[in-house]
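Undergrad: For reference, the sequence and a predicted model appear below.
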Amino acid sequence: MAQTAIEFNSVGYTYHSGTSLASSGIRDVTFTIPSGSFTAIIGQTGSGKSTLVNLIAGLSKPTTGEVTVLGQSLTKQSNKAQQAGIQQSVGYVFQFPEHQLFANTVWDDVAFGPRNLGWSTAKINQQVQTALEQVNFPTNRYQQSPLELSGGQQRLAAIAGVLVMQPQILILDEPTAGLDSGASQRLLLLLNQLHQAGVTIIMITHHLEYVAEHADRVMLMGDGQLQFAGHPQELFRNAELMKHNHVLPPAAVQLGQQLLPPGTNLPLSLNELAKKLATQLKAGEQDE
Amino acid sequence: MNSQLVFGAYIPLASPLHRLDARAKLLMCVWYVIAVFFAYTWWTTGWLFLALLAAIYLSRIPVKMYWRGIRPFVWVIIITAAFQVLFSSGGQTYWHWGWMSITSDGLVNSLILIYRFIVIITASTVLTATTPTLQLAQAFSSLLTPLKYIHIPVDKMALMLSIALRFVPTIMTEMHQIIDAQKMRGMHFNQGGLLARLHHVLPIFIPLFVDSFQHSEELAVAMEARGYVAGAPRTQFRQLRWKGHDTIAMVLMVALTVGLVLLRTYLS
Amino acid sequence: MNVIEAHDVSFTYPGANGTALRNLDLIVKAGELLAVIGQNGSGKSTLVQLLSGLQLPSTGLINIGNTEVNDRNLASIHQQVGIVFQNPGSQFVGSTVAEDVAFGLENRQVPSDEMPAIIKRCLQVVDMWEYRHTSPATLSGGQQQRVAIASVLALQPKILILDEATSMLDPLARQQIMNLLVNLRQQGLTIIMVTHHLSEAEQADRALALNNGEVLAEGPVHAVLSQQKLVQQLELHLAPGEHLLNQLQQLGISTPDRYLTTEEAVQWLKQRLNLTQ
């Protein structure tokens, strides 16, 4: 059986706790994420997704309950060192990660993390090279200033800066936001490769198409609570639950509902839907 | 939702202070800040502190929020206070080494300095947290109207001030995210000596500067597209209305000052 | 009636060595929804800035309504053209939603007592009236963009330009904005929308495809989008209907040559399925 990478045990997190402006980020959330899985986290703005991943990343401590990440536990009583322990084994690609680039060259920016960890120069050089190659960053631009790059290249450089730390768990918050279709597809391909290499991937996204095609698990947040955790197919069948949480089903499901006879297993991707429709259309042609 | 409660941010609530005219609040705040510089005895500082507590209570904003407002300044306060202690002389000398000494006057002065920092920051936070920024700008330009006659661009300055305030929450949110991101890349802000810490400032401030610059450029374009011309006459959406409770507030302010004068004269 | 006429317009950014936009001719009729498509750096944003008077053409002529875009007429141009930008977070001046809508009105010197009614009407159009006392900073991206649209509508522009205004939004918010635009067009507003998403572009009347500062194609939206190579070259986000038909074609099913919107594709497929079942 796959090992558990992340475990939440009745976890709650309250902002401004102890004041009259206290607002709860998440309440009573319990789940496990197996090591090596690709989990998508979905839900409306303000549903608690960011609070949830900040807890996974060790950036905040739960106000109630216990978070366990790769065997390291975190509770309200935990200290900064314990948080830092988790932070070191988790990579976090924030939304618009290119906003964090600061060094004079792409190379130096990617090397920032390893230098913080005090690796040897030889190891740093090797890992930076590997990370930049991993994201397919154009070789001739390693020594350029991040500010001179296109938006898509800046994003790749920023992601390389996270991958270089060789995290066992990689969190991404809406990684394709603002990218054009080609760049989005290439980024998802990269995530698939990392997933196959054994990295546990957690991706916040609004694109249920991506969830359908890439994730093996999905968690739906709503109102600060976990509304659903399980296989994407299972969620997409539950139109009621999705509607209630203001989540649009993927296009394949929407179109499938209009085009396939009621009761058919709904396809998760448009390619799958096309195959089903093609079979039907061909069968029809032969009948004539 | 969670990050807007910082220094300079408006917190929409329905408190007695929120209902006051922006001009009244601005006047009170300035008046208070001036008064603070006339207080250096236990009684007078205590008296003004009490008034501040009353204002905090009337703002209906939790005390913890004010603490959050002060927290970013803690280092500045401590360093300034330390200089004050080490480099001022007078009174009894407890310790000295070369240029530096610790004296009773130095200690008292630095205590007063800390006190002033804290109450002034908190008082301005009370003002900005209970007054929407555009109203504040309006109050500012309305109170400084006389300066227009000597060709000081009061309106422009007021709008600039209000926009600067309006950007504080945005920039704070961004700063927190950048800090988090660099933390995740192994940076530990609170470790190492002074030099190491200064070194940590760059990975935060360079991206923050680039972002802020971009934001302000975008905002300038958006403002121009919505017909803003610097210095051109504008109308006002919110008419500032001076009501009975504003006058009462000013009377209270006078009472506070009278109290201060009495305490200074008879209890020092 | 033509609300925009651009003739042989070129633009070079000061100090830049390449031309951002070359020899553009464009006519936009009143009440049209025009989609501008193209990759980053294709000249889309330059076009937006020229049409809204934020930049002046290096050569050529642009007329908005009966006004020529030049440095003497900028006030009139800004009055006729409203623009919503890409980044929802950096368009706000006000500390509440209502105050933000008021900002433009104040600049126009609209009397104070007329403002509340205008603000209410515009916020209701974008379905944000209940948030009037909220700070814009606490809204979601989609809500922020709706407020930005309201702030622009308050100034009663003839032309509304959206410069990739949906690119940072989630699909649901994008859909809401798109529905809003379709409604506004029905009320007679001329809309120009810069987008990477074919699901949005296909709802326009006309499309303008730009590449490297030049016009690649211009015309009725179906005609432009039917050029498959062009669509592929621009790396746009495909609309689901188009994606599905492309796949079917690869599986040996013959599909129409012309571009079908998702709605049309569903209709077409329904018909095919009924006929053949």
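TA: Received it, and whenever you're ready, just let me know what you need. Numbering: from 1, shown residues only, chains lettered A, B, ... in the order given.
Undergrad: CA atoms for contacts and neighbours, from now on please.
TA: Will do.
Undergrad: Residues of the stretch 1-150 of chain C that sit close to chain A?
TA: C:39, C:140 (Cα under 8 Å from any Cα of the partner chain).
Undergrad: So for A:Gln286, what's the pLDDT?
TA: Looking at A:Gln286, its pLDDT stands at 67.
Undergrad: Mind splitting chain B into its structural domains?
TA: With domains defined by automatic domain parsing, chain B comprises B:1-132+B:241-268, B:133-237.
Undergrad: how close does C:Asn73 get to chain A?
TA: C:Asn73 sits 34 Å away from chain A when distances are taken as Cα to the nearest Cα, to the nearest Å.
Undergrad: Show the backbone phi and psi for that residue.
TA: Dihedral pair for C:Asn73: phi -100, psi 10, per degrees, to the nearest 10.
Undergrad: Give the closest residue to it in space, chain neighbours not counted.
TA: Nearest non-adjacent residue to C:Asn73, counting by Cα to Cα, 6 or more residues apart in numbering or on different chains: C:Thr67, 7.1 Å away.
Undergrad: which residues does that neighbour bridge with?
TA: Beta-bridge partners for C:Thr67, by DSSP bridges, are C:Ile64.
Undergrad: burial count for the residue nearest to A:Ser73 when sequence neighbours are not counted?
TA: For A:Ser73, ignoring the flanking residues on the chain, the nearest one in space by Cα to Cα, 6+ apart is A:Val67 at 5.7 Å. By other Cα atoms under 10 Å in any protein chain shown, 27 other residues sit near A:Val67.
Undergrad: Where does A:Val67 sit: helix, strand or coil?
TA: Assigned by DSSP: H, G, I helix; E, B strand; the rest coil, the conformation of A:Val67 is strand.
Undergrad: what about the strands in chain B?
TA: Taking DSSP state E, the strands of chain B run over residues B:93-97, B:100-103.
Undergrad: Of those strands, flag the one that's most buried.
TA: With neighbours defined by mean count of other Cα atoms under 10 Å in any protein chain shown, none of the strands of chain B is more surrounded on average than strand B:100-103, at a mean of 19.
Undergrad: quick one: contacts of that strand?
TA: B:85-96 (Cα atoms under 8 Å, 6 or more residues apart in numbering or on different chains).
Undergrad: try it again with 6 Å
TA: Identification of contacts with strand B:100-103 by Cα atoms under 6 Å, 6 or more residues apart in numbering or on different chains yields B:85-87, B:89, B:92-95.
Undergrad: which residue is nearest the centroid of chain C?
TA: Nearest to the geometric centre of chain C sits C:Met193, at 1.3 Å (Cα atoms, centre = their mean).
Undergrad: how near is it to chain A?
TA: 16 Å.
Undergrad: isn't that residue right up against C:Ile37?
TA: No - with contact defined as Cα atoms under 6 Å, C:Met193 and C:Ile37 do not form a contacting pair (8.6 Å).
Undergrad: Check the stretch 101-250 of chain C for the residue nearest chain A and tell me.
TA: C:His237 (4.9 Å; Cα to the nearest Cα).
Undergrad: what separates stretch C:245-256 from the chain centre, distance-wise?
TA: Centre-to-centre, stretch C:245-256 and its host chain are 31 Å apart (Cα atoms, centre = their mean, to the nearest Å).
Undergrad: Give the buried residues for it.
TA: Within stretch C:245-256, the residues scored as buried using 16 or more other Cα atoms under 10 Å in any protein chain shown are C:245-248, C:253, C:255.
Undergrad: What number of residues are in the vicinity of the residue of the stretch 101-250 of chain C closest to chain A?
TA: C:His237 - counted by other Cα under 10 Å - has 20 other residues nearby.
Undergrad: shouldn't it be in contact with A:Ser181?
TA: Yes - between C:His237 and A:Ser181 a contact is recorded at 4.9 Å, counting by Cα under 6 Å.
Undergrad: residue boundaries of the strands in the chain?
TA: If you meant another chain, say so; for now it's chain A. A:4-15, A:23-34, A:38-42, A:64-69, A:72-74, A:90-93, A:169-173, A:200-204, A:217-222, A:225-230.
Undergrad: ah, I was thinking of chain C
TA: Counting by DSSP E, the strands of chain C are C:2-11, C:21-29, C:33-37, C:59-64, C:67-68, C:81-84, C:159-163, C:190-194, C:206-211, C:214-220.
Undergrad: Now tell me what touches the third one from outside.
TA: Going back to what we said before, that points to strand C:33-37. C:191-195, C:201, C:204-209.
Undergrad: What are the buried residues along stretch B:175-193?
TA: The neighbour-count check on stretch B:175-193 (16+ other Cα under 10 Å) flags B:175, B:177-188 as buried.
Undergrad: ok, of those, which one's closest to A:Phe137?
TA: For the buried residues of stretch B:175-193, the closest approach to A:Phe137 (Cα to Cα) belongs to B:Arg185, at 19.5 Å.
Undergrad: Report pLDDT for the closest one.
TA: At B:Arg185, pLDDT is 91.
Undergrad: Phi, psi for it please.
TA: Per-residue torsions, B:Arg185: phi -100, psi 30 (degrees, to the nearest 10).
Undergrad: show me the contacts for it.
TA: Per Cα under 6 Å, 6+ apart, neighbours of B:Arg185: A:Gly113.
Undergrad: Relative to chain C, how far out is it?
TA: Distance, B:Arg185 to chain C, using Cα to the nearest Cα: 25 Å.
Undergrad: How about A:Gly58?
TA: As judged by Cα to the nearest Cα, A:Gly58 and chain C stand 24 Å apart.
Undergrad: re the thing from before, out of the strands of chain B, which gets nearest to B:Ile120?
TA: Smallest distance to B:Ile120 across these (Cα to Cα): 25.7 Å, for strand B:100-103.
Undergrad: in the chain, what spans have low per-residue confidence?
TA: In the absence of a named chain, chain A is used. Residue ranges of chain A with pLDDT under 70: A:1-2, A:17-22, A:285-288.
Undergrad: actually chain C
TA: For chain C, applying pLDDT under 70 flags the ranges C:275-277.
Undergrad: Now with 50, please.
TA: Within chain C, the segments meeting pLDDT under 50 span C:276-277.
Undergrad: Could you pull out the helices in it for me?
TA: Taking DSSP state H, the helices of chain C run over residues C:44-51, C:74-80, C:97-107, C:115-125, C:141-153, C:171-186, C:198-201, C:221-225, C:228-233, C:240-250, C:262-276.
Undergrad: right, and those - which one's nearest A:Gly91?
TA: Judging these by Cα to Cα, what sits closest to A:Gly91 is helix C:141-153, at 25.4 Å.
Undergrad: With only the CA atoms kept, save that closest one in CSV.
TA: Only the C-alpha atoms of helix C:141-153 are listed here, as CSV (Å, rounded to 0.1, in the frame of the first residue of the first chain):
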residue,chain,number,x,y,z
GLY,C,141,-11.0,38.6,-9.0
GLY,C,142,-14.3,38.1,-10.8
GLN,C,143,-16.2,40.5,-8.5
GLN,C,144,-13.4,43.0,-8.8
GLN,C,145,-13.6,43.0,-12.5
ARG,C,146,-17.4,43.4,-12.4
VAL,C,147,-16.9,46.5,-10.1
ALA,C,148,-14.3,47.8,-12.6
ILE,C,149,-16.9,47.4,-15.4
ALA,C,150,-19.5,49.2,-13.3
SER,C,151,-17.0,52.0,-12.6
VAL,C,152,-16.5,52.4,-16.4
LEU,C,153,-20.2,52.1,-17.2
